[in-house]
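Participant: pasting a predicted model and its sequence here:
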Amino acid sequence: MKSKMVTLRKLFLFIFIVEIVFMVLLIFLLQTNLRLERQLKTAVTNKTVLEDKAEELRLSSDDLTRFARMYIVTGNPEYKKNFYKVQDIRNGLVPRPVNYGNIYWDYFEPERSARHPDGEPQSIIETFRELPLTDAERAKLEEAYQNSEGLIDIEKEAFHAAEGLFKDEQGNYTIEKAPDRQYAISLVFYDTYMEAKQKIMRPIDEFMEMLRGRTADKINQLNRMNERNNMIIRIVDVVFFAVNLLIFIVLHIRIVKVISDMIMAIRNSKKDNTDLTLTIPNFSRLDELGELITEFNKMSSTITKRSNMLEKSNSRLVDQYNMIDNYIILSESTPEGIMTQVSTAFCRVSGYSRSELIGRKHDMLVYTKDPSSPPVELFSLLPGCGRWQGEIQSIKKNGESYWLEVHVEPETDSSNNFTGILVIGNDITARKQLRKLSITDPLTDLYNRNRLNEILPDLVYTAERYSLPLSVIMIDIDKFKNVNDSYGHQKGDLVLKGFSGIFKNKIRRSDTAGRWGGEEFLITCPETGIDDAAKLAEKLRGLCADLKIPDMPPQTASFGVTEFRADDTIDELISRADTALYKAKDQGRNRVVII
């Protein structure tokens with residue numbers, strides 16, 4: 001009998017719930033800890049701020065006393081000015097200097113203003129009303145402030161006495177007498193003044209005692225709560241560790257050990273045995289792992305059957321790959337055109353071994369003597385232009401050229417990043433040779449009349465469509481029949497080849513020269529007006545006249561030039577060039593005539 005027990009799904013659900021409970025409890029305790037620490041920090045900060053404000057009130061009163069006494073004793077108006085500035089700063093009537101404190105008045109101007117520039121105005125009495133004070137604490141500070149204002153009245157009376165102004169019966173300074181500096185000194189140095197000063201300091205001292213008592217109780221309470229919370233966190237951590245240890249032991253017994261036995265059973269299977277059925281000693285549970293082993297054993301028979309099918313398919317694929325390798329011209333390259341794989345067919349047609357090609361750049365195979373060959377940069381442009389299909393003239397190891405019809409495709413990874421180039425080709429050298437034979441005159445290596453008849457319609461269409469000039473030059477070798485009759489056909493062939501070489505090599509790349517028939521030639525000049533075509537004809541005529549052929553006198557040719565006109569047919573264009581040619585003949589040969 002297989003034993004019934006808690007399924008792994010329920011076990012993991014129970015573990016998940018336990019972990020969540022502990023995590024939530026720990027998060028709550030940590031948040032409580034952070035909250036208590038923030039409250040503690042706030043309490044300490046508030047205590048410091050409140051003590052600073054009380055100290056500022058005391059310092060401002062001392063500053064007022066110091067400047068009042070210094071003015072009365074010395075009579076220096078700068079001390080009186082400082083006295084009133086202290087009062088204005090305290091009352092928020094002028095900007096409060098940055099970092100204003102007991103050092104500010106120890107500097108002289110301009111260093112004082114440079115080190116402590118003006119800030120925002122701030123009344124000390126308004127600040128008291130905004131601070132987190134109890135009513136009793138606030139009352140003490142306000143009492144000290146009011147007493148300080150009373151002391152200022154005594155100091156101002158001393159100022160007036162030193163300046164010769166005294167109170168009338170209404171308390172206004174309207175009576176002018178001789179300045180009485182001794183009386184002024186008595187006002188700010190004797191017992192009455194010190195008693196008024198004491199009335200300022202007593203409320204401040206009482207405020208500090210009240211503040212220290214209140215904040216000390218608050219801080220001690222927060223510290224006790226924080227310690228208690230930390231103790232709870234440590235207890236929860238210990239319990240959490242113990243629960244996780246127990247979970248680890250249970251999972252090891254229920255899962256890890258069984259999986260280890262499964263791995264051992266697989267390793268103990270014979271390497272040449274395709275039967276993957278698992279047999280684990282003393283295992284009879286009905287949980288998910290038991291179902292896994294059962295299903296695995298069912299699957300093993302299916303794997304065995306499919307493995308046999310795959311071996312047969314793999315054998316067919318190997319045969320197909322060998323056929324592709326032997327008969328398809330194929331290469332793979334990096335984005336920079338460096339070949340990483342080539343087929344046997346590629347090696348055979350190029351004449352290179354596989355080791356000679358792999359690791360080399362693809363452009364080593366591009367035939368560069370033919371200006372019609374595609375640029376090598378074609379491969380680097382693939383990421384932008386996508387697939388490319390066309391014909392490429394390549395060069396073999398022995399220097400011979402051959403033609404390939406290729407399909408070039410970029411290779412990309414799963415993120416569509418350009419990773420390489422795949423080239424699949426077909427050898428079309430024989431086709432290209434047949435094509436060349438069909439459009440090339442075998443003697444002169446110029447295009448024949450058939451090819452010229454193919455080119456002319458496109459040139460005429462372009463000239464009509466875009467209103468571009470098009471000129472043609474008809475050429476005939478002068479008295480060529482006499483050359484053949486007097487010197488033989490071999491010499492005549494030399495003349496034809498010599499003139500053809502001039503026509504082929506001394507015209508623009510966009511121009512086309514061809515043998516029209518016999519000793520007649522035709523040159524097409526797209527995007528060229530009749531005047532420029534006439535200049536070209538004159539240059540060619542001079543080169544022909546200067547051509548040196550052994551054992552023969554100089555030979556000449558006549559040139560007829562015309563330009564395409566609106567609504568011209570090809571026959572009309574050629575006929576007009578032919579007419580110009582015969583006019584050149586009639587006018588004495590070896591000349592250029594324009595119609």
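Facilitator: Received it, and whenever you're ready, just let me know what you need.

Participant: low-confidence stretches in this protein?
Facilitator: Within the chain, the set of residues satisfying pLDDT under 70 comprises 1-5, 102, 265, 268-287, 364-386.

Participant: which helix in it runs the most residues?
Facilitator: helix 8-74 (DSSP state H).

Participant: now for that one, which elements pack on it?
Facilitator: Secondary-structure packing of helix 8-74 (3 or more Cβ pairs under 8 Å, 6 or more residues apart in numbering; DSSP states H and E): helix 77-91, helix 124-130, helix 135-163, helix 181-189, helix 191-251, helix 288-327. Heads up, the C-betas are built off the backbone N, CA and C, glycines and all.

Participant: got the CA coordinates for stretch 230-250 in CSV?
Facilitator: Extracted C-alpha coordinates of stretch 230-250, given in CSV (Å, rounded to 0.1, in the frame of the first residue of the first chain):
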residue,chain,number,x,y,z
ASN,A,230,14.2,45.7,19.9
MET,A,231,13.8,42.8,22.4
ILE,A,232,10.6,41.6,20.6
ILE,A,233,12.4,41.8,17.2
ARG,A,234,15.3,39.6,18.6
ILE,A,235,12.8,37.1,20.0
VAL,A,236,10.9,37.0,16.6
ASP,A,237,14.2,36.5,14.8
VAL,A,238,15.1,33.5,16.9
VAL,A,239,11.7,31.9,16.4
PHE,A,240,11.8,32.7,12.7
PHE,A,241,15.3,31.0,12.4
ALA,A,242,14.0,28.0,14.2
VAL,A,243,10.9,27.7,12.0
ASN,A,244,13.0,28.0,8.9
LEU,A,245,15.4,25.3,10.1
LEU,A,246,12.5,23.0,10.7
ILE,A,247,11.1,23.8,7.2
PHE,A,248,14.6,23.0,5.7
ILE,A,249,14.7,19.6,7.4
VAL,A,250,11.1,18.8,6.2
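
Participant: touching it from outside, list them.
Facilitator: Contacting residues not belonging to stretch 230-250 are listed as 11, 15, 18, 22, 25-26, 29-30, 33 [Cβ atoms under 8 Å, 6 or more residues apart in numbering].

Participant: could you pull out the helices for the stretch 451-595 of the chain?
Facilitator: 480-487, 489-505, 530-546, 570-586 (DSSP state H, counting those that start in this stretch).

Participant: and the contacts of the first one?
Facilitator: Going back to what we said before, that points to helix 480-487. Outside of helix 480-487, the residues within contact range by Cβ under 8 Å, 6+ apart are 477, 491-492, 495, 518-519, 551-552, 555.

Participant: if we go to 10 Å?
Facilitator: For helix 480-487, the surrounding residues in contact (Cβ atoms under 10 Å, 6 or more residues apart in numbering) are 477, 479, 489-496, 499, 518-520, 549, 551-553, 555, 557.

Participant: thinking again about what came up before, so which of the helices of the stretch 451-595 of the chain is nearest residue 323?
Facilitator: helix 489-505 (44.2 Å; Cβ to Cβ).

Participant: buried residues in the closest one?
Facilitator: 491-492, 494-496, 498-500, 502-504 (16 or more other Cβ atoms under 10 Å).

Participant: and what of stretch 217-235?
Facilitator: 218, 222, 225-226, 229, 233.

Participant: report the buried members of the contacts of stretch 230-250.
Facilitator: Judged by 16+ other Cβ under 10 Å, buried ones among the contacts of stretch 230-250: 11, 15, 22, 29, 33.

Participant: distance of the residue nearest to the fourth one when sequence neighbours are not counted from residue 246?
Facilitator: Meaning residue 29. By the measure of Cβ to Cβ, 6 or more residues apart in numbering, the closest residue to residue 29 outside its immediate chain neighbours is residue 233, 4.9 Å from it. From residue 233 across to residue 246, the span is 20 Å (Cβ to Cβ, to the nearest Å).

Participant: if I look at residue 68, how far off is residue 225?
Facilitator: Residue 68 is 50 Å from residue 225, by Cβ to Cβ.

Participant: swap in residue 435?
Facilitator: Residue 435 is 98 Å from residue 225, by Cβ to Cβ.

Participant: now swap in residue 56 and tell me
Facilitator: From residue 56 over to residue 225 (counting by Cβ to Cβ), the distance is 32 Å.

Participant: same question, residue 446
Facilitator: From residue 446 to residue 225 the distance is 106 Å (Cβ to Cβ).

Participant: try residue 22
Facilitator: 22 Å.

Participant: and what of residue 217?
Facilitator: 13 Å.

Participant: can you check residue 123 too?
Facilitator: Distance from residue 123 to residue 225, by Cβ to Cβ: 37 Å.

Participant: now for the nearest residue to residue 115 once chain neighbours are set aside: which residues touch it?
Facilitator: Nearest residue to residue 115 in three dimensions, chain neighbours excluded: residue 107, at 6.3 Å (Cβ to Cβ, 6+ apart). Contact analysis of residue 107 by Cβ under 10 Å, 6+ apart lists 113-116.

Participant: redo these as JSON lines? Include secondary structure, distance to residue 535 and neighbour count.
Facilitator: As requested, these are exported to JSON lines (DSSP: H, G, I helix; E, B strand; the rest coil; distance: Cβ to Cβ, whole Å; neighbours: other Cβ atoms under 10 Å):
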{"residue": "113", "secondary structure": "helix", "distance to residue 535": "86", "neighbour count": "11"}
{"residue": "114", "secondary structure": "helix", "distance to residue 535": "84", "neighbour count": "9"}
{"residue": "115", "secondary structure": "helix", "distance to residue 535": "87", "neighbour count": "13"}
{"residue": "116", "secondary structure": "coil", "distance to residue 535": "89", "neighbour count": "18"}
